[in-house]
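Peer 1: Output the structure for:
(4 chains)
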2 protein chains.
Amino acid sequence: MSSQVLSTQASSRADQAAWLRFLRAHSALTRQLSARLESRHGLTLSDYDVLIQLYHAPERRMRRIDIARLVLLSPSGITRLLDGLERAGWVEKVRCDSDARVVYAALTAAGTQKCEEASETHLGDLEELFSSRFTPDEHEALAEMLGRLPLAETSEACKGEDA
Amino acid sequence: MSSQVLSTQASSRADQAAWLRFLRAHSALTRQLSARLESRHGLTLSDYDVLIQLYHAPERRMRRIDIARLVLLSPSGITRLLDGLERAGWVEKVRCDSDARVVYAALTAAGTQKCEEASETHLGDLEELFSSRFTPDEHEALAEMLGRLPLAETSEACKGEDA
DNA sequence: CTAGAATGCTTGCGATGTCAACTATATTAG
DNA sequence: CTAATATAGTTGACATCGCAAGCATTCTAG
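Peer 2: Presented below is the predicted three-dimensional model:
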């Protein structure tokens, strides 16, 4: 049998190298950023992510489903994450008058403050662990390249097949 | 109170933009790659990652702790992941003669084959979802930049503080 | 108005992964 | 040799998250 599939296929090893670095970098960075956020503010990286999105949203509130899509969590994941933020008093549920199905997640005053506090150290951590490793040009190029990657399901290309 | 912390601090929004794209891209890519790997081969992305590492290791075996460090999983995570691969018959435990503490994880013949099979579709998926979005030069530049990011604990910069 | 489909959200369950604690072996200091 | 420490690995308790299923509400056809 072929025992060389993994290195004879066009560009396979090189492709994997970049991708594997991507995976490693993500794992290492999220672990460290999470640890710091956790110890200093009691926040998960996902918590922070959601708080930031709310912070920048009009009226500092969003439909739960929209948060989910934005931070790429499942609807159930958002429900549970927001449960925690609500218990902590940083976010509250707000009913929607025009559509009884939707429940807004709204940043409270405490949540707004928390978000600003957390940002102060988190942005520094981010700078140290991420941004400072690149020149401004590189940084911009990196952001642009990352922006080309798929964000959601193309969905067609992987369903019906079973080769 | 300051309600502008998040946008007045030097470069904060821009930094976050790149980082947030990184997070989103990771989430979307791993989800799609995992789904395909799962449906076509019954493998997790982590499973595949470990199999590949073993595949390329001398004698196709490694100490469990070394796998853990390589793929950035915790030791317990590796134990559990390898449990699954062992149950599937793709990996087996091999005692180490010179040190009774260590147990090698060794790729079986079935595991080697599985790995090659999975690679064939996975490399295609990777190409489609990742590599094809970049020119070879960009691809190389991306890999190089990702390689600059921290891989493990610097550990000093985040312990003793509590500002 | 009513039936059926679509949408927003939540819940049960399982999978994955971490941390702390523990066992066993190896190494080092006295 | 013995005690103290470090290392490899496993296990139990727990957190996070996705999927499938379910409920309520809204929209769309007839």
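Peer 1: so where is chain A shaky, pLDDT-wise?
Peer 2: Where chain A drops to pLDDT under 70, the residues are A:1-15, A:152-163.
Peer 1: measure A:A18 to DNA strand D for me?
Peer 2: Separation of A:A18 from DNA strand D (C-beta to the nearest atom of the strand, to the nearest Å): 24 Å. Where C-beta positions appear, they are placed from N, C-alpha and C, glycine not excepted.
Peer 1: for that residue, helix, strand, or coil?
Peer 2: Three-state call for A:A18 (DSSP: H, G, I helix; E, B strand; the rest coil): helix.
Peer 1: Now it: closest residue in space, sequence neighbours ignored.
Peer 2: Nearest non-adjacent residue to A:A18, counting by C-beta to C-beta, 6 or more residues apart in numbering or on different chains: B:A143, 3.8 Å away.
Peer 1: so the one you found sits right up against A:Q16, yeah?
Peer 2: No. Counting by C-beta atoms under 8 Å, B:A143 does not reach A:Q16; the two are 10.1 Å apart.
Peer 1: about what we covered before: SS state for the residue nearest to A:A18?
Peer 2: Put simply, B:A143 is helix when judged by three-state DSSP.
Peer 1: Just list the residues touching A:A141, thanks.
Peer 2: Taking C-beta atoms under 8 Å, 6 or more residues apart in numbering or on different chains, we find A:A141 in contact with B:A141.
Peer 1: With A:L107 instead?
Peer 2: A:51, A:54-55, A:60-61, A:90-91, A:115.
Peer 1: Could you check how far it is from chain B?
Peer 2: For A:L107, the distance to chain B (C-beta to the nearest C-beta, to the nearest Å) stands at 11 Å.
Peer 1: is that residue in a bridge, and if so with what?
Peer 2: Counting by DSSP bridges, A:L107 is bridged to A:V91.
Peer 1: that older thread, neighbour count winner among B:A143 and A:Q16?
Peer 2: Per other C-beta atoms under 10 Å in any protein chain shown, whichever of B:A143 and A:Q16 has more neighbours is A:Q16, with 21 against 18.
Peer 1: nearest spatial neighbour of A:T79, skipping sequence neighbours?
Peer 2: A:R64 (6.9 Å).
Peer 1: show me what contacts that neighbour?
Peer 2: Neighbouring residues of A:R64 by C-beta under 8 Å, 6+ apart: A:75, A:78-79, A:82, A:102-105.
Peer 1: List only buried entries from the residues you listed.
Peer 2: Neighbour counting by 16 or more other C-beta atoms under 10 Å in any protein chain shown classes A:78, A:82, A:103-105 among those as buried.
Peer 1: Which of these fall in strands?
Peer 2: If you go by DSSP state E, these have A:103-105 in strands.
Peer 1: Tabulate the residues you listed in a markdown table, adding columns for distance to DNA strand C.
Peer 2: Below are those laid out as a markdown table (distance: C-beta to the nearest atom of the strand, whole Å):
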| residue | distance to DNA strand C |
| --- | --- |
| A:V103 | 4 |
| A:Y104 | 6 |
| A:A105 | 8 |
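Peer 1: between these, which is closest to A:L43?
Peer 2: Taking C-beta to C-beta as the measure, A:L43 lies nearest A:A105 of those, at 15.5 Å.
Peer 1: Pick out the residue nearest the middle of chain A.
Peer 2: Nearest residue to the geometric centre of chain A (C-alpha atoms, centre = their mean): A:V71, 4.9 Å.
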